[in-house]
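[1] the following block contains a protein sequence and its predicted model.
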Amino acid sequence: MAKIYRLRRTSTLALRQRRRHLLEQLAPPPDLLRASYVERFTTCGKAHCACRHGQRHGPFFYLTANLGPGHILKFLLKTPAQQAAAAHGVRTYQEHWERLEELSQINAELLRRGEPLGP
């Protein structure tokens, strides 16, 4: 769910300055990932394994992404380097999305005030 920015009491000049600042930051970072970084613990099918008594196997780390209806990308991140890169890429995407959301809300407020969105 998107964060709601309280903009009605902010001056038009301050909104335009914040908008300019956001636009400067919006070059897409090359390492962003629109995905989920998932940590899982599992049980196996062996009858006498300790996982049957609460001591599950893991953690296992996965990267999952919904690419469209019926198309899901999911794979195991085997090395600590892969895990760190995936966690960082997902976090980078979320931060980038938050800046886009704030920019969108600023633009909507400027339009509500009858201000142009151009330069």
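    Arrived safely, thanks for sending. Numbers count the residues shown, from 1 in each chain.
[2] mind listing residues that contact stretch 37-50?
    Under the contact criterion Cβ atoms under 8 Å, 6 or more residues apart in numbering, stretch 37-50 has outside partners 51-52, 56-64, 83, 86-87, 90. Using the backbone N, CA and C atoms, a C-beta is placed for each residue, glycine as well.
[3] closest one of those to Leu22?
    Minimum distance to Leu22 across these is 20.8 Å, recorded for Val90 (Cβ to Cβ).
[4] the longest helix in this structure is where?
    The residue-count maximum for a helix in the chain (DSSP state H) belongs to helix 80-112.
[5] list the helices and strands that one packs on?
    helix 12-25, strand 36-42, strand 57-68 (3 or more Cβ pairs under 8 Å, 6 or more residues apart in numbering; DSSP states H and E).
[6] please spell out which residues along the lowest-mean-pLDDT helix or strand in the chain are buried.
    Least confident element among the helices and strands of the chain, by mean pLDDT, DSSP states H and E: strand 71-77 (a mean of 88). Residues Leu77 are the ones in strand 71-77 that count as buried (16 or more other Cβ atoms under 10 Å).
[7] likewise stretch 73-91?
    Leu77, Gln83, Ala86, Ala87, Gly89, Val90.
[8] neighbours of the residue lying closest to the fifth one once chain neighbours are set aside, just the number please.
    Read it as Gly89. The shortest distance from Gly89 to any non-neighbouring residue, by Cβ to Cβ, 6 or more residues apart in numbering, is to Leu33 (3.4 Å). The tally of other residues near Leu33 (other Cβ atoms under 10 Å) stands at 18.
[9] gap between Leu33 and His96?
    10 Å (Cβ to Cβ, to the nearest Å).
[10] CSV for the helices and strands packed on helix 80-112, including distance to Ser104, mean pLDDT and mean neighbour count?
    Shown next, in CSV, are the helices and strands packed on helix 80-112 (distance: least, Cβ to Cβ, whole Å; pLDDT from 0 to 100; neighbours: other Cβ atoms under 10 Å):
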stretch, distance to Ser104, mean pLDDT, mean neighbour count
helix 12-25, 10, 91, 13
strand 36-42, 23, 92, 13
strand 57-68, 22, 91, 13
